[in-house]
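Q: I would like to see how this sequence folds:
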Amino acid sequence: PFLADRKPLSRRGAALCVALLGLLTAAVIGLHAVLRYRCFYVPNYDGGLFTQMFHYMRTTGLPMTTCERDGLTSHFAVHFSPIFYLLLPPYMLSGGDPLVLGCGQASILASGLIPLFLLCRNKHLSEKLTVLLSLAYCAYPALLGGTFYDLHENCFLTPLLLWLFWCGETDRIPGLIVSAVLTLCVKEDAAVFVAVYALYVLIGQKKHRRGLLLLGSALIWFFAAVFAINTFGDGVLMDRYASLMYESRGFGAMIKTLLCNPGYALRLLLFDEDSGKLKLQYLLQMTVGVGLLPFISKKPARLLLAAPILLNLLTTYSYLHRIGFQYNFGVTAFFFYAAVLNLRDLPRDSRRFAVGFAAFASVVLCLCSTLPSVSASWRQYQAQREKITHMEAVLSDIPKDSSVTASTFLIAHLADRDVIYEDNYHRKPATEYVVLDIRSGLSAEQKEVRDHCLSSGYTVLAEHKDELLILHTDTPTE
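A: Now for the predicted structure:
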């Protein structure tokens, strides 16, 4: 009815609707981040380690952590992500409140509506189509689902790539350069997304000079970042694509497999450890929520804009093809850019149907696959508010200048200190305090940590039933 109504929607009305959708999206994602933190649902990976990293950035200016690799190291030794410094000013203004990080991520993701709205206007889509496509973006399951493991640098990819696309469509060269540089600063593999866009500019838009410059810059940045991490850091995480490498390791081995054994690559693309069920479900969640629009075009070059999803499928690393992890933000930007381009070429009735279907499907998927997690966190918070408040009070009494070994879900609440380790990896702690999460009882690993501590001279400082076990020593060696 909204689309069929002959009464037009004004440009100001459309902008207001999109703004309200953005505020609602930021509020829901931010609320979920706050609830996860307050309910002690934030694990060390990826919330706790970034909380400590921002503590170090606030106090020293350096992105150091002790709980990411079980020892003092720079996060840039794992992923080259200078984009994180954009979140540092609000974090410092808040006095180091970790809730700012989750709410900041929510605002970053919601801000992608601005370039999406501008892209729709540039392609002369009607105000109603723009609002419905914006609704599809806000309800897109990968948007909220990508925050289920808390803060991650990949959240910057969606808005930055959409700005890159808009600047390219409107020939705003300074903006194109800035957005490309910022995208490259997200992570070393963000260069792959810039390279894919460069190929589209080169082949689809026939802008050869611009495409070659973007492609060359992306490749130079990528190999320079990979060289730096491999030489001075912990090495690039190639194991996620180990299924594409045999006889040797590296990018050359992956390319050799794709070229020499395309049948194997095709099987890897379609099947997983559950006979392909997981990848099929992932494909449906990613494509139905945008109305299959990235694939509805008579221009073959535009299929390049759907190519980034291959990065999530050509692997046996299951987290890459799950909707509840942070590896889908870049694909989301490409899909909505392709949707805008392809919508413009469709007949009027087909355009209406496609956008209406996308908005409806995204809302249904969101209600079924992502919003239940938010409501579950809210119910858990309401049911255990007293316990949560007590646990926070107990943890706040541990001195900020002391070294701590803690369970994964306690790291984020104790991370405003220079030395903190996760007990799963630091089995023989020598820190001043050891704090174990015993809400579900002591696990076998925690019993091993406790027994080692007691035999090494630690004493039980406090034990709160079904909450926390705190051990202490006056002679820490770390």
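
Q: So which residues make contact with stretch 280-297?
A: By Cβ atoms under 8 Å, 6 or more residues apart in numbering, the residues outside stretch 280-297 that reach it are 136, 139-142, 302-303, 305-306, 309, 312-313, 321-323, 328, 331, 334-336, 338-339, 341-343, 345-346, 354-355, 357-358, 361-362, 365, 369. From N, CA and C alone the C-beta is placed, and that goes for glycine too.

Q: Could I get the CA-only coordinates of it as CSV?
A: C-alpha atoms of stretch 280-297 as CSV (Å, rounded to 0.1, in the frame of the first residue of the first chain):
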residue,chain,number,x,y,z
LEU,A,280,23.0,-22.4,1.8
GLN,A,281,21.4,-20.9,4.9
TYR,A,282,24.1,-18.1,4.9
LEU,A,283,23.5,-17.4,1.2
LEU,A,284,19.8,-17.1,1.7
GLN,A,285,20.2,-14.8,4.7
MET,A,286,22.6,-12.5,2.8
THR,A,287,20.7,-12.4,-0.5
VAL,A,288,17.0,-12.6,0.3
GLY,A,289,17.4,-9.7,2.7
VAL,A,290,18.4,-7.5,-0.2
GLY,A,291,15.8,-8.9,-2.6
LEU,A,292,18.4,-10.8,-4.7
LEU,A,293,19.0,-7.4,-6.3
PRO,A,294,22.9,-7.8,-6.6
PHE,A,295,22.2,-10.6,-9.2
ILE,A,296,19.4,-9.0,-11.2
SER,A,297,21.2,-7.2,-13.9
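
Q: for that stretch, which positions count as buried?
A: 281-283, 285-294, 296-297 (16 or more other Cβ atoms under 10 Å).

Q: ok, for residue 257, nearest residue in space, not its chain neighbours?
A: Distances taken as Cβ to Cβ, 6 or more residues apart in numbering place residue 244 nearest to residue 257, at 4.8 Å, with adjacent residues excluded.

Q: Could you measure from that neighbour over to residue 471?
A: Residue 244 sits 45 Å away from residue 471, going by Cβ to Cβ, to the nearest Å.

Q: How much space separates the residue lying closest to residue 436 once chain neighbours are set aside from residue 438?
A: Leaving out its chain neighbours, the residue that sits closest to residue 436 by Cβ to Cβ, 6+ apart is residue 469, at 4.4 Å. The gap separating residue 469 from residue 438 is 5 Å, by Cβ to Cβ.

Q: Number of residues surrounding residue 30?
A: 20 (other Cβ atoms under 10 Å).

Q: Local confidence estimate at it?
A: We have a pLDDT of 95 for residue 30.

Q: wait, it sits on residue 108?
A: No - between residue 30 and residue 108 there is no contact under Cβ atoms under 8 Å: 10.8 Å.

Q: Where does the spatially closest residue to residue 176 that is not a sequence neighbour sit, in terms of helix or strand?
A: Nearest non-adjacent residue to residue 176, counting by Cβ to Cβ, 6+ apart: residue 167, 4.1 Å away. In the assignment (DSSP states H and E), residue 167 maps to helix 157-169.

Q: go on, residue 259?
A: According to DSSP H and E, residue 259 maps onto helix 251-260.

Q: so where do the strands sit in the protein?
A: With DSSP state E, the ranges of strands along the chain come out as 64-65, 73-74, 404-406, 420-422, 433-437, 459-464, 468-472.

Q: Just name the most buried of these.
A: Mean neighbour count (mean count of other Cβ atoms under 10 Å) peaks for strand 404-406 among the strands of the chain, with a mean of 29.

Q: Check which helices and strands that one sits against.
A: Secondary-structure packing of strand 404-406 (3 or more Cβ pairs under 8 Å, 6 or more residues apart in numbering; DSSP states H and E): strand 420-422, strand 433-437.

Q: Nearest to residue 192, out of the ones you listed?
A: Of all the helices and strands packed on strand 404-406, strand 420-422 sits nearest to residue 192, with 30.1 Å by Cβ to Cβ.

Q: Parallel or antiparallel, list what pairs with that closest one.
A: strand 404-406 (parallel) (DSSP bridges).

Q: Between residue 469 and residue 438, which contacts overlap?
A: Going by Cβ under 8 Å, 6+ apart, residues that sit against residue 469 and also against residue 438 are residue 463.

Q: circling back to that earlier point, you'd agree the residue nearest to residue 257 is up against residue 316?
A: No - counting by Cβ under 8 Å, residue 244 does not reach residue 316; the two are 9.3 Å apart.

Q: Could you name every residue contacting both of the two?
A: residue 268.

Q: Which one of the two is surrounded by more residues?
A: Set side by side, residue 244 and residue 316 show more neighbours around residue 244, with 21 against 15, by other Cβ under 10 Å.

Q: Just the pLDDT at the more buried one, thanks.
A: 82.

Q: what sits against it?
A: By Cβ under 8 Å, 6+ apart, the residues touching residue 244 are 253, 254, 257, 258, 265, 268, 314, 315.

Q: residue closest to the middle of this structure?
A: Nearest to the mean C-alpha position of the chain, counting by Cα atoms, centre = their mean, stands residue 326 at 3.1 Å.

Q: contacting residues for that residue?
A: With contact taken as Cβ under 8 Å, 6+ apart, residue 326 is in contact with 46, 146, 147, 149, 152, 154, 155.
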